[in-house]
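# structure, please.
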Amino acid sequence: MPNSTPLLTPREAATLLGISYPTIKQWILSGKLKSVQTPGGHHRIAEVTLKPFLAKDKHKPAEESRERYRKVSGRNQLVGRVIDVQIDGFLAKVVLNIGNQHVTAIVTADAVREMQLKKGDTAAALVKATEVMIERV
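Okay, the predicted model is just below:
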């Protein structure tokens with residue numbers, strides 16, 4: 001592989017493909033996705049290696065494609081499964097299960113209706129925050 005080929009970390013490649021970090025690690029370890037290892041044993045993926053996955057995604061119907069997530073400037077996109085939707089007046093509570101963690105968002109009821117969001121759907125939480133708080137557990 002030429003030295004000029006950009007190499008990505010698994011996390012960067014996962015973000016580019018719109019998949020989770022555990023999924024890309026599984027792909028690497030199973031041989032589905034080729035990687036090279038650094039002297040320290042870390043995996044790196046040549047950007048060109050991702051082209052077939054990106055091309056395959058473009059042929060999917062719009063509602064199944066990950067392309068729309070790559071069109072948003074925010075990189076903190078957490079993809080998961082909708083486990084609860086509750087509409088109350090103008091607002092709606094949407095709960096996503098992401099990697100066995102729950103992310104709850106309060107959005108407008110109109111937005112939920114327009115997206116036709118329901119339990120079992122795949123959705124992404126797009127996080128835009130100026131602060132992140134940490135609690136010791």
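
# what helix or strand is the residue nearest to residue 38 when sequence neighbours are not counted on?
Excluding its sequence neighbours, the residue lying closest to residue 38 (CB to CB, 6 or more residues apart in numbering) is residue 44, at 6.2 Å. To be clear about C-beta, it is placed using only N, CA and C from the backbone, and glycine gets the same treatment. Residue 44 belongs to strand 43-46 when elements are defined using DSSP states H and E.

# next one: the helix or strand following that strand to chain centre, how far?
Next along the chain after strand 43-46, taking DSSP H and E as the criterion, comes helix 51-58. Distance of helix 51-58 from the chain centroid (CA atoms, centre = their mean, to the nearest Å) equals 15 Å.

# packing partners for helix 51-58?
helix 10-17 (3 or more CB pairs under 8 Å, 6 or more residues apart in numbering; DSSP states H and E).

# by mean pLDDT, point me to the weakest helix or strand of the chain.
Least confident helix or strand, the chain: helix 67-70 with a mean of 57, by mean pLDDT, DSSP states H and E.
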